[in-house]
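J.: sequence unavailable; structure follows:
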């Protein structure tokens with residue numbers, strides 16, 4: 001696996017070096033980005049690390065759940081729609097959904113410094129270089145099985161490095177606790193004790209290993225009374241991922257992570273999607289050949305809204 005990690009890390013280095021090669025100068029011998037896609041990324045396995053959000057997911061007790069509802073016409077359009085009328089497939093040829101969020105701290109997310117820092121970067125300030133990074137998985141799930149409130153330590157990080165080598169600069173480090181499996185148990189998910197990461201470990205990752213950010217499966221960084229880890233991160237201009245899923249389905253080393261998030265101007269949180277890009281021989285995930293994405297599969301039944309306004313294929 002270390003060999004696989006070095007191979008993918010070398011690919012990242014090539015991607016960076018190719019930025020200075022104009023496309024018109026590329027030859028059949030030049031390893032363009034398209035060649036890297038064809039020869040490596042196309043056969044890789046892709047694993048979604050993101051929870052789908054809806055009005056019933058876990059959220060901090062200080063916020064309410066979201067609301068999903070049909071979009072309605074905002075103005076009168078002659079011979080087409082009247083203000084306040086719900087758009088339907090039958091009458092208008094399309095539908096749309098309106099979302100009411102009590103907060104941008106909702107679901108799988110990316111926290112920018114502005115969440116806690118009045119001088120911090122907002123979500124729309126994050127640079128496009130967040131897009132793809134090496135992915136490191138620190139596995140503490142066995143310790144969490146024994147002690148639900150276990151927090152990852154510097155020793156856990158050093159144990160990973162003893163096995164795989166130094167954590168790459170600029171990487172994303174995810175803390176695997178398997179807590180995401182309690183996502184459907186809303187009452188328990190946010191209830192203490194739950195796992196986290198210690199302040200010392202966060203300082204080590206950022207100040208000694210210069211990572212981009214870390215991520216965790218619960219919706220809080222730690223369970224200290226002052227949320228000391230989150231406070232230190234955001235007040236020192238770092239970001240973090242929260243509510244991450246499926247870390248048990250990606251390798252501890254050798255993968256990349258694609259990072260996507262909504263970009264509301266001045267946003268204090270990002271509705272995020274994280275996708276792990278794993279070696280082609282990995283046991284989990286799907287390749288582009290298996291899930292090309294175009295055309296997408298037809299739903300087995302007609303889409304209808306459930307009691308919470310969420311569209312689902314429903315037999316009726």
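T.: Ah, there it is. Since this is a predicted model, take the numbers as computed values, not measurements.
J.: now the strands for this protein?
T.: 45-48, 67-70, 97-100, 109-111, 132-139, 151-152, 172-176, 196-197, 213-216, 239-242, 255-261, 270-278, 303-305, 311-313 (DSSP state E).
J.: now residue 137: how far from residue 48?
T.: 15 Å (CB to CB, to the nearest Å). To be clear about C-beta, it is placed using only N, CA and C from the backbone, and glycine gets the same treatment.
J.: more neighbours: which of these two?
T.: Neighbour comparison, residue 137 and residue 48: the larger count goes to residue 137, with 22 against 16 (by other CB atoms under 10 Å).
J.: who's in contact with the nearest residue to the more buried one once chain neighbours are set aside?
T.: Excluding the flanking residues, the one nearest residue 137 by CB to CB, 6 or more residues apart in numbering is residue 252, at 4.4 Å. By CB atoms under 8 Å, 6 or more residues apart in numbering, residue 252 lies in contact with 1, 136-139, 160, 163-164.
J.: could you redo the last one with a cut-off of 7 Å?
T.: The contact partners of residue 252, by CB atoms under 7 Å, 6 or more residues apart in numbering, come to 137, 139, 160, 164.
J.: select from those residues the one having the most neighbours.
T.: Top of the contacts of residue 252 by neighbour count (other CB under 10 Å): residue 137, with 22 neighbours.
J.: tell me who's in contact with it.
T.: Residue 137 touches 174, 176, 247, 250, 252, counting by CB under 7 Å, 6+ apart.
J.: between those, which is nearest residue 295?
T.: residue 250 (27.8 Å; CB to CB).
J.: and the gap between that closest one and residue 32?
T.: From residue 250 over to residue 32 (counting by CB to CB), the distance is 27 Å.
J.: looking at the two, which is more packed in?
T.: For residue 250 and residue 32, the more surrounded residue by other CB under 10 Å is residue 250, and the numbers stand at 23 against 15.
J.: pLDDT score for the more buried one?
T.: Reading off the confidence values, residue 250 has pLDDT 98.
J.: residue 316 too?
T.: 82.
J.: burial measure for it, as a count.
T.: Neighbours around residue 316, by other CB under 10 Å: 5.
J.: can you name the residues bridging to residue 72?
T.: Beta-bridge partners recorded for residue 72 (DSSP bridges): residue 86.
J.: what about stretch 101-111, start to end distance?
T.: 16 Å (CA to CA, to the nearest Å).
J.: meant to ask about stretch 251-260, not that
T.: 20 Å.
J.: if you count neighbours, what's buried in that stretch?
T.: 251-259 (16 or more other CB atoms under 10 Å).
J.: return the member of those residues nearest to residue 125.
T.: residue 259 (14.9 Å).
J.: okay but the closest one is in contact with residue 128, surely?
T.: No - checked against CB atoms under 7 Å, the pair residue 259 and residue 128 is beyond contact range at 10.2 Å.
J.: name the surrounding residues that touch stretch 50-64.
T.: 65-68, 102-103, 105-108, 183, 186, 189-190, 219, 243, 245, 273-274, 308-310.
J.: residue boundaries of the helices in the stretch 101-250 of the chain?
T.: With helices called from DSSP state H, counting those that start in this stretch, the stretch 101-250 of the chain shows them at 141-146, 154-164, 186-189, 199-203, 228-235.
J.: quick one: contacts of the longest one?
T.: Counting by CB under 7 Å, 6+ apart, helix 154-164 makes contact with 2, 5, 138, 140, 167, 200-201, 204-205, 252-253, all of which sit outside it.
J.: related to what we said a few turns ago, reformat the helices of the stretch 101-250 of the chain as JSON lines; add distance to residue 291 and mean pLDDT.
T.: As requested, these are arranged in JSON lines below (distance: least, CB to CB, whole Å; pLDDT from 0 to 100):
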{"stretch": "helix 141-146", "distance to residue 291": "27", "mean pLDDT": "98"}
{"stretch": "helix 154-164", "distance to residue 291": "29", "mean pLDDT": "98"}
{"stretch": "helix 186-189", "distance to residue 291": "29", "mean pLDDT": "95"}
{"stretch": "helix 199-203", "distance to residue 291": "35", "mean pLDDT": "99"}
{"stretch": "helix 228-235", "distance to residue 291": "34", "mean pLDDT": "98"}
